[in-house]
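S.K.: My questions concern the predicted model and sequence given below.
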Amino acid sequence: MTLPRLTVITPSLNQAKYLERALRSVLDQNYPDLEYIVMDGGSTDGSVDILRRYHDRLAHWVSEPDQGQSWAINRAIERSSGEIVAYINSDDYYLPGAFEAALPRFHDPTVRWVAGATEYRAEDGTLETHWIPSPPPGLRGRWVRGPWYVPQASSFWRRDVFDEFGLLREDLDFVFDTEFGLRLALNGLQPLAVEGSLAVRYLQPEAKSADRSRFDREYKKVARQLRRRLTWAERAQDLAFRLLYAVLRAQYLARKRLGLLHLRERWFGGRFARD
């Protein structure tokens, strides 16, 4: 059976020391019907020289100032011709056999989103996290509070998913992939999980995701907006949980400030601690 046409998109900006690894991880899959698009935001670090070396294997590439990562990915999606779309950041990379594991699942016409595990690795190669996709847990309010997330690096979507549910939000810098996945899930679309790791997220200090506080600040706004998609009953349940958590958190912080944590262990040397 013929495999579907695949469009892979790589957004990049001044990532020359990682870019070729990302390119090779796509091209070395030897996928028979690949459209590879690279959107470089006007790099000045030698990235353009790398892209020129691979120009004959790229369907399209450009290096010019843009309006951000999600903007660049969206422009590539709009020009894509693949039935399936994926994007991999220039400091991340696919593992061998990733396309072979994921793409045949789309022979089932009901499958619209396929995802595998992602390995989060430190600069020295140490495996920090092995993120395996799983269904959203519990009530829908919990999905938003979590937030529930499926790593984008190991995700593949049918092109018509973007037509139905919209492109990535261009007003977001850090959580546009999280918002997109939750947007799909809250509308009833969840990924088909495949076994094994498909990609590596490279935890380098200059990555946008290295500063968690920026993610958290931006997600607060997104969470408020996503809660509007919940029913009134779901919002009430979610509000009750968040209020309870806020009270417990305030109690914990107060005890911490007053030095009241672990008093039993400090006073009695742990003699009354539970097993």
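M.R.: That came in fine, so what should we check first?

S.K.: Could you verify my assumption that residue 198 touches residue 117?
M.R.: Yes - between residue 198 and residue 117 there is a contact at 6.8 Å, judged by Cβ atoms under 8 Å. Using the backbone N, CA and C atoms, a C-beta is placed for each residue, glycine as well.

S.K.: which residues do the two both contact?
M.R.: residue 154 (Cβ atoms under 8 Å, 6 or more residues apart in numbering).

S.K.: which of the two has more neighbours?
M.R.: The neighbour count for residue 198 versus residue 117, taken as other Cβ atoms under 10 Å, is higher for residue 198 (28 against 19).

S.K.: Is the more buried one part of a helix or strand, or is it coil?
M.R.: When classified by DSSP: H, G, I helix; E, B strand; the rest coil, residue 198 comes out as strand.

S.K.: That one: what's its closest spatial neighbour, skipping adjacent residues?
M.R.: Excluding the flanking residues, the one nearest residue 198 by Cβ to Cβ, 6 or more residues apart in numbering is residue 116, at 3.6 Å.

S.K.: Could you verify my assumption that the one you found touches residue 101?
M.R.: Yes - in this structure, residue 116 is within contact of residue 101 by Cβ under 8 Å, at 6.4 Å.

S.K.: need the contact list for residue 89.
M.R.: If a contact means Cβ under 8 Å, 6+ apart, then residue 89 has 10-12, 22, 153 as its contacts.

S.K.: which residues of the stretch 151-275 of the chain fall in strands?
M.R.: Applying DSSP state E, counting those that start in this stretch to the stretch 151-275 of the chain gives strands spanning 155-158, 192-203.

S.K.: Which of those strands has the highest mean neighbour count?
M.R.: Mean neighbours per residue, mean count of other Cβ atoms under 10 Å, is largest over the strands of the stretch 151-275 of the chain for strand 155-158, with a mean of 24.

S.K.: quick revisit: touching both of residue 116 and residue 101, which residues are there?
M.R.: Common contact partners of residue 116 and residue 101 (Cβ under 8 Å, 6+ apart): 194-196, 198.

S.K.: biggest separation within those residues, which pair?
M.R.: Greatest spatial distance in the shared contacts of residue 116 and residue 101: 195 and 198, 9.9 Å, computed using Cβ to Cβ.

S.K.: How about the contacts made by the residue nearest to residue 180 when sequence neighbours are not counted?
M.R.: Leaving aside its sequence neighbours, residue 180 sits nearest to residue 168 (Cβ to Cβ, 6+ apart; 5.6 Å). The contact partners of residue 168, by Cβ under 8 Å, 6+ apart, come to 70, 73-74, 176-177, 179-180.

S.K.: Turn those residues into a markdown table, columns for pLDDT, neighbour count and distance to residue 44.
M.R.: Below are the contacts of residue 168 laid out as a markdown table (pLDDT from 0 to 100; neighbours: other Cβ atoms under 10 Å; distance: Cβ to Cβ, whole Å):
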| residue | pLDDT | neighbour count | distance to residue 44 |
| --- | --- | --- | --- |
| 70 | 98 | 21 | 22 |
| 73 | 98 | 24 | 21 |
| 74 | 98 | 21 | 24 |
| 176 | 98 | 23 | 25 |
| 177 | 97 | 22 | 26 |
| 179 | 98 | 22 | 30 |
| 180 | 98 | 23 | 30 |
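
S.K.: Of the shared contacts of residue 116 and residue 101, which is the nearest to residue 51?
M.R.: Nearest to residue 51 among the shared contacts of residue 116 and residue 101, counting by Cβ to Cβ, is residue 198 at 24.0 Å.

S.K.: Would you enumerate the residues in contact with residue 242?
M.R.: Shown in contact with residue 242 (Cβ under 8 Å, 6+ apart): residue 145.

S.K.: cool, residue 118 as well?
M.R.: Residue 118 sits next to 130-131, 151, 153-154, 197-201 when contact means Cβ under 8 Å, 6+ apart.

S.K.: can you rerun that using 6 Å?
M.R.: With contact taken as Cβ atoms under 6 Å, 6 or more residues apart in numbering, residue 118 is in contact with 131, 151, 153-154, 199, 201.
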